[in-house]
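[1] give me a 3D structure for the following:
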Amino acid sequence: MKVSTKGRYALRIMADLAMHSNGEYIRLKDISERQAITLKYMEQIMPSLTKAGYVKSYRGNNGGYMLARKPEEYTVGEILRSTEGSLSPLACIEDVPNRCPRKEECTTLAFWEGLWKVINEYVDGITLADLIKMK
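    Below you'll find the model as predicted:
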């Protein structure tokens with residue numbers, strides 16, 4: 001599993017919104033300056049965060065973005081999955097039940113399933129609020 005720039009930036013944007021939350025919409029330009037992410041790239045990321053229901057947007061003079069929920073109600077896992085899709089290290093273990101024709105003979109299957117479990121438990125066990133505290 002390799003997290004793309006889009007996933008990394010989405011997480012940074014969400015953390016920035018959480019850190020600067022004051023009940024008002026935050027301009028994308030302000031986030032861009034603080035996070036050193038181009039506005040153009042942020043404009044590609046924000047629709048997926050809005051569509052997922054993670055942020056609210058408002059257009060106009062006082063427009064911008066704000067979190068739709070409290071920071072402690074978002075997990076890192078859900079944010080990454082909204083931009084990255086599955087966090088599985090291998091495509092063959094994503095299906096439930098596993099449809100791999102070699103699953104009965106595969107000596108490494110249990111390892112990969114265990115790794116995926118650890119990844120999911122870790123990313124789903126950390127919230128935006130936790131990220132802010134870790135800083």
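
[2] in the chain, what residue sits furthest out from the centroid?
    Centroid-distance maximum for the chain: Glu105 at 34.6 Å, with Cα atoms, centre = their mean.

[3] and that one, that's in a strand?
    No - counting by DSSP: H, G, I helix; E, B strand; the rest coil, Glu105 is not part of a strand but coil.

[4] check the gap between it and Trp116 for me.
    Counting by Cβ to Cβ, to the nearest Å, the gap from Glu105 to Trp116 is 19 Å. Heads up, the C-betas are built off the backbone N, CA and C, glycines and all.

[5] which residues in the protein form helices?
    Assigned by DSSP state H, the chain shows helices spanning 5-19, 28-35, 39-51, 76-84, 109-124, 128-134.

[6] now the first one: buried residues?
    Taking 16 or more other Cβ atoms under 10 Å as the basis for neighbour counts, the residues of helix 5-19 that come out buried are 6-7, 9-18.

[7] where does the chain dip in pLDDT?
    Along the chain, the model assigns pLDDT under 70 to no residue.

[8] on that earlier part again, any chance of the helices of the chain in a markdown table with distance to Tyr58 as columns?
    As requested, these are exported to a markdown table (distance: least, Cβ to Cβ, whole Å):
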| stretch | distance to Tyr58 |
| --- | --- |
| helix 5-19 | 13 |
| helix 28-35 | 11 |
| helix 39-51 | 11 |
| helix 76-84 | 20 |
| helix 109-124 | 29 |
| helix 128-134 | 20 |
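
[9] these: which one's closest to Leu90?
    Within those, the stretch nearest Leu90 is helix 109-124; the backing value is 5.2 Å (Cβ to Cβ).

[10] for the closest one, packing partners?
    Packed against helix 109-124 by the contact rule (3 or more Cβ pairs under 8 Å, 6 or more residues apart in numbering; DSSP states H and E) you find helix 76-84.
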